[in-house]
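J.: sequence unknown, structure follows:
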Ligand SMILES: Nc1ncnc2c1ncn2[C@@H]1O[C@H](COP(=O)(O)OP(=O)(O)OP(=O)(O)O)[C@@H](O)[C@H]1O
């Protein structure tokens, strides 16, 4: 069913499941597309499965975890059957990954400039490194040739890690897992600007994982909303904000400060997502204000709405009516 973008997809994921040891599935039946140059935001509360989708696509799942999918097509090749090791080989080149914590991907006792040259040196000479980094607002890092990672701020390091991921090879897709979570809003804005610059200059596509709808609204073309391991809605960003279809998306938007008038208190979503991943029906059913008996029994198939899709029995009923 159509979790699709217009035109040929760069990445096409169908029915992705991820499990860790234990009875609770982390990701269930997730399908989506990413078009070349598109920025897809993946949002949802903590534990909804966003990071697991990324790690499953990059071959970075921990030992004991399993990925299964009907298809994971990337640039026309099916990665679904690849072993983790082979998936990691693809990741290094055409599919880049930026983790949440920048410090973990830089060697702490080697100057940042030397690490930049080491990663970028295969493709760019010194003049090109300076030109390229200056072009994306990072030229000043090169003026501190002896400084170790500990001498830079979290925001600077995060931008260095993003630059390495985007420039060391020639990725067509960058997966960024909450790259701004630990940063204050001003620095967060610099990182977001860098991602947009890279998209515009290199034509990169981006999967941007966040629990923050406000951030997603500023940079993404399309948004996928996850709850309880399921992708419950996808839509172009404007459509999602103007006419959210899934009751969980509506609750998420209602809880967002920017959409709540100053004189009205924020509406928290009642209940918790505890146990949602094990439910046979819609994972949001226990918290949904519009729940129907069928919602507790089976997960609806995706239904097309405008340029998006929603997995909600209410939406299926409206379409069927
Ligand atoms: N290494 C792991 N071992 C066991 N379970 C895990 C592991 N990583 C994630 N999980 C479980 O998988 C589910 C999905 O977690 P995941 O981190 O993918 O969600 P998320 O939406 O990215 O959350 P967050 O925003 O907190 O990063 C959760 O129930 C989580 O506890």
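T.: Yep, that arrived. Model, not experiment: these values are computed from the prediction.
J.: Let me see the backbone angles for residue 19.
T.: The phi and psi torsions at residue 19 (degrees, to the nearest 10) take the values phi -130, psi 140.
J.: Just to check, it is in contact with residue 49?
T.: No. In this structure residue 19 lies outside contact range of residue 49 using CB atoms under 8 Å: 10.9 Å. The way it works is simple: take the backbone N, C-alpha and C, and place the C-beta from them, glycine included.
J.: Compare neighbour counts for the two and give me the winner.
T.: More crowded of residue 19 and residue 49, by other CB atoms under 10 Å: residue 49, with 24 against 19.
J.: residues from the stretch 201-321 of the chain in reach of the ligand?
T.: When proximity is defined as CB under 6 Å from any ligand atom, the stretch 201-321 of the chain approaches the ligand at residue 211.
J.: Now the closest residue to the ligand within the stretch 201-321 of the chain: phi and psi?
T.: When scored by CB to the nearest ligand atom, the stretch 201-321 of the chain has residue 211 as its residue closest to the ligand, at 5.1 Å. With angles defined as degrees, to the nearest 10, residue 211 sits at phi -100, psi 0.
J.: In contact with it, which residues?
T.: 43-46, 50, 178, 181 (CB atoms under 8 Å, 6 or more residues apart in numbering).
J.: do residue 212 as well
T.: Counting by CB under 8 Å, 6+ apart, residue 212 has contacts 43, 181.
J.: cutoff 10 Å now
T.: 41, 43, 178, 180-181, 188, 218, 256 (CB atoms under 10 Å, 6 or more residues apart in numbering).
J.: In strands only, show me those residues.
T.: 41, 43 (DSSP state E).
J.: Return a selection command, for use in ChimeraX, containing the buried ones of the contacts of residue 212.
T.: ChimeraX command restricting the contacts of residue 212 to the buried ones, with burial defined by 16 or more other CB atoms under 10 Å:
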select :41,43,178,180,188
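J.: got TSV for the contacts of residue 212, with pLDDT too?
T.: Listed next are the contacts of residue 212 as TSV, based on pLDDT from 0 to 100:
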residue	pLDDT
41	97
43	95
178	86
180	81
181	77
188	85
218	90
256	78
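J.: Tell me how many other residues surround residue 257.
T.: The burial count for residue 257: 8, using other CB under 10 Å.
J.: In terms of pLDDT, where does it sit?
T.: According to the prediction, residue 257 has pLDDT 70.
J.: And it, how close does it get to residue 196?
T.: Distance, residue 257 to residue 196, by CB to CB, to the nearest Å: 23 Å.
J.: swap in residue 212?
T.: Where residue 196 is concerned, residue 212 sits at a distance of 16 Å (CB to CB).
J.: quick one: contacts for the nearest residue to residue 115 once chain neighbours are set aside?
T.: Nearest residue to residue 115 in three dimensions, chain neighbours excluded: residue 106, at 5.9 Å (CB to CB, 6 or more residues apart in numbering). Contacts for residue 106 (CB under 10 Å, 6+ apart) come out as 112, 115-116, 119, 148-150, 152, 157, 160-161, 164.
J.: My read is that residue 100 contacts residue 182, right?
T.: Yes. Residue 100 is in contact with residue 182 according to CB atoms under 10 Å; the separation is 7.3 Å.
J.: got any residues that touch both of those two?
T.: In contact with both residue 100 and residue 182: residue 158, using CB under 10 Å, 6+ apart.
J.: Pull the contacting residues for the spatially most central residue of the chain.
T.: Nearest residue to the geometric centre of the chain (CA atoms, centre = their mean): residue 209, 2.8 Å. Residue 209 is in contact with 40-44, 50-51, 53-54, 98, 100, 175-179, 181, 216, 224, 226, counting by CB under 10 Å, 6+ apart.
J.: Go again with 6 Å.
T.: 42, 50, 54, 177-178 (CB atoms under 6 Å, 6 or more residues apart in numbering).
J.: Most neighbours among those residues, please name it.
T.: Highest count within the contacts of residue 209 by other CB under 10 Å belongs to residue 42, 28 neighbours.
J.: low pLDDT regions in the protein?
T.: 1-7, 91-92, 102, 258-267, 316-321 (pLDDT under 70).
J.: And it, what are its domain boundaries?
T.: With domains defined by automatic domain parsing, the chain comprises 1-94+169-321, 106-168.
J.: how about residue 175, secondary structure?
T.: The local conformation at residue 175, judged by DSSP: H, G, I helix; E, B strand; the rest coil, is strand.
J.: got the contact list for it?
T.: 54, 97, 207.
J.: any idea how far the first one is from the ligand?
T.: This points to residue 54. Distance of residue 54 to the ligand, computed by CB to the nearest ligand atom, to the nearest Å: 8 Å.
J.: One more: the second one?
T.: Residue 97 sits 14 Å away from the ligand when distances are taken as CB to the nearest ligand atom.
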